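Novice: what's the 3D shape of this:
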Amino acid sequence: MSTAALVACPARDFDLVLTLECGQVFHWVREGAGWLGTIGDRAMYVEQRGEELLVPKGTEKLAHHYFALDHPLAEICASFPEDPAMQAARDFCRGMRIIRQPAWECIATFITSSMKQVAHIAQISHSLRRRYGRKVTWNGHELFAYPTPEALAALSEEDLRACALGYRAKNLLGSARMIANGEVSPEAIARMDDEAARAELCRLPGVGEKVANCALLFGFERVRAFPIDVWIERVLREIYFPRKRRVTAGRLRDFSATYFGEYGGYAQQYLFHHARKTWRQKE
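Specialist: Okay, the predicted model is just below:
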């Protein structure tokens, strides 16, 4: 990849690969020494060289914001509980940051993620983008933004099923229509407190507590939100409640909300990625 159109911006305490491969965002693809993707409707190439990112000229502020390079990562990691599992996850995931994703793109992506592996979620995202998203280009590369609520709202359930969504097609279509007609407003959600925002998100078809918490964490920068999926539930039960056979979902939720503190969302993502990458190797 030629660096002629790229400029460097500082990226201390940051690991681009970990951040893009940890299961919070699904559309970036490797290109040479870097990655191609979109931020909103802007085509992007990003490459890490030590403590710098190479990005297209004029996108430095956009990249800095998107990759949350202003998050006080040392302070965040220092806030994690001092238990062996959390500290192992912290060390394994050093430099991982929670991306600031566009709200609608984040909501929609996690609606389509239900009961799907990361590779399948990425496949769905790329299919939706190619068929219904705005085409953008960078340096001869053709990319596609995530389709807007209005674009998806105009489709049929069959159109979306053609993108391998299965039963998720109905949920994505219903959510797109509710947002397109103003019944649910991401802008209004952004102004709500966490509890109210979660409740409002759960009005959308296909959005339960787990998807709502994913949206809060990755799309609304609520870094205390703690999504509990099958991996995190397993971590909580095996690490933090190893001698108790029956631990309710409510007990796990209450424990997570207090034990992991104000940066619980970061703790969750570190635990999630560490478990997903290391526990499989032991089985």
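Novice: For the rest of this, base every contact and every neighbour count on C-alpha atoms.
Specialist: Noted.
Novice: CA atoms of stretch 121-137 as CSV?
Specialist: Backbone C-alpha positions of stretch 121-137 (Å, rounded to 0.1, in the frame of the first residue of the first chain) are rendered in CSV as follows:
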residue,chain,number,x,y,z
ILE,A,121,-22.0,-11.5,11.3
ALA,A,122,-19.4,-10.0,9.0
GLN,A,123,-20.8,-11.8,6.0
ILE,A,124,-24.3,-10.3,6.7
SER,A,125,-22.8,-6.8,7.2
HIS,A,126,-20.9,-6.9,3.9
SER,A,127,-24.0,-8.3,2.0
LEU,A,128,-26.2,-5.5,3.3
ARG,A,129,-23.6,-2.9,2.6
ARG,A,130,-23.0,-4.1,-1.0
ARG,A,131,-26.7,-4.3,-1.8
TYR,A,132,-28.2,-1.3,-0.1
GLY,A,133,-25.4,0.9,1.2
ARG,A,134,-23.8,4.0,-0.3
LYS,A,135,-20.7,3.2,-2.4
VAL,A,136,-17.6,5.1,-1.4
THR,A,137,-14.0,4.8,-2.7
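Novice: Just give me how far it sits from the chain centre.
Specialist: When C-alpha coordinates are averaged (C-alpha atoms, centre = their mean, to the nearest Å), stretch 121-137 and its chain have centres 16 Å apart.
Novice: Sort out which residues of it are buried, please.
Specialist: For stretch 121-137, a neighbour-count test (16 or more other C-alpha atoms under 10 Å) marks 121-130, 132-136 as buried.
Novice: Student question: in this structure, what's the helix or strand with minimum average pLDDT?
Specialist: Sorting the helices and strands of the chain by mean pLDDT, DSSP states H and E puts helix 264-282 at the bottom, at a mean of 88.
Novice: just checking, what packs against that one?
Specialist: Packing contacts for helix 264-282, counted by 3 or more C-alpha pairs under 8 Å, 6 or more residues apart in numbering; DSSP states H and E, involve helix 84-92, helix 230-235.
Novice: what pairs with the longest strand seen in the chain, and is each one parallel or antiparallel?
Specialist: Assignment by DSSP state E gives strand 42-49 as the longest strand of the chain. Strand 42-49 sits in its sheet next to strand 34-39 (antiparallel), strand 52-56 (antiparallel), going by DSSP bridges.
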